[in-house]
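**Student:** Let's see this in three dimensions:
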Amino acid sequence: MASAQTSSGGSTISSGGGLADRYAAALYAHAGDQHQLDLVVEQMEALGRTIEASDDLKRLLRSPLIDVATAQKALRAALESHGFGKIVLDFVGVVVANRRMSALRAIIAAFAALVAAKRGVIVAEVSTAHPLSEVQEQQLRARLIEAGYGNVNIIKKVEPALLGGLVVRIGARLFDSSLKSRLQRLQYAMKGAA
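**Tutor:** You can find the predicted model right below:
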């Protein structure tokens, strides 16, 4: 997966390209060899949610100033307190030891995409200005099924900068109906008319 940028001019979402894919493939193979793939899949999903919910963890992952030993101790303690298993703990330790801590979120996303591809599930990243309600999520899922995406895993992200509407990314396809992009298109149209 290469870097992608939302067409609304929003923030760039970088998967780390081949790096994230290589780490994800290695973890997938190792978990399969250990006959713990389902457990690791669950724990990696939980790890992604844990990081997204913690500003402290996000800051730790972004900080280039923290030395490897300190980062490993801090992350291990945080993850152990959340009950993560040995494979995930060791994997995160390797990522940190290889100085790839800033790529961990991209690696988690690449792992989720790999699992989805292996299981025949289509991943739809949905960014909204406000959290989706259950009814809205079910309506979105129904529309995706109508569009031919049968087995869909929806990954939700909240991006207040969108102002309203939503952005749906399925693989290389981008459907942008955000208020922010509509306003930008209107602004460009007005500049062209002047």
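
**Student:** Look up which helix or strand the residue sitting nearest the centre point of the chain falls in, please.
**Tutor:** For the chain, residue 109 is the residue whose C-alpha lies nearest the centre (Cα atoms, centre = their mean; 4.2 Å). When elements are defined using DSSP states H and E, residue 109 is found to belong to helix 104-119.

**Student:** so how far is that helix from its chain's centroid?
**Tutor:** 8 Å (Cα atoms, centre = their mean, to the nearest Å).

**Student:** so what does it touch, helix or strand wise?
**Tutor:** On a contact count with 3 or more Cβ pairs under 8 Å, 6 or more residues apart in numbering; DSSP states H and E, helix 104-119 meets helix 18-33, helix 37-53, helix 86-97, strand 122-128, strand 152-158. From N, CA and C alone the C-beta is placed, and that goes for glycine too.

**Student:** closest to residue 176 out of those?
**Tutor:** strand 122-128 (9.2 Å; Cβ to Cβ).

**Student:** Can you pull out the residues in contact with whichever helix or strand comes after that closest one?
**Tutor:** Next helix or strand after strand 122-128 toward the C-terminus (DSSP H and E): helix 134-146. Residues outside helix 134-146 that contact it (Cβ atoms under 8 Å, 6 or more residues apart in numbering): 124, 126, 132, 152, 154, 156, 166, 168, 170.

**Student:** and the direction of helix 134-146 versus that of strand 152-158, what angle?
**Tutor:** 140 degrees (axes from the mean of the first three to the mean of the last three Cα atoms, to 10 degrees).

**Student:** Now do helix 134-146, average pLDDT.
**Tutor:** Averaged over helix 134-146, pLDDT sits at 89.

**Student:** What residues of it count as buried?
**Tutor:** 140-141, 144 (16 or more other Cβ atoms under 10 Å).

**Student:** if we can go back for a sec, and the angle from the helix holding residue 109 to helix 37-53?
**Tutor:** Here the directions of helix 104-119 and helix 37-53 differ by 140 degrees (the same axes, to 10 degrees).

**Student:** Only the buried residues of helix 104-119, if you could.
**Tutor:** Buried residues in helix 104-119 (16+ other Cβ under 10 Å): 104-116.
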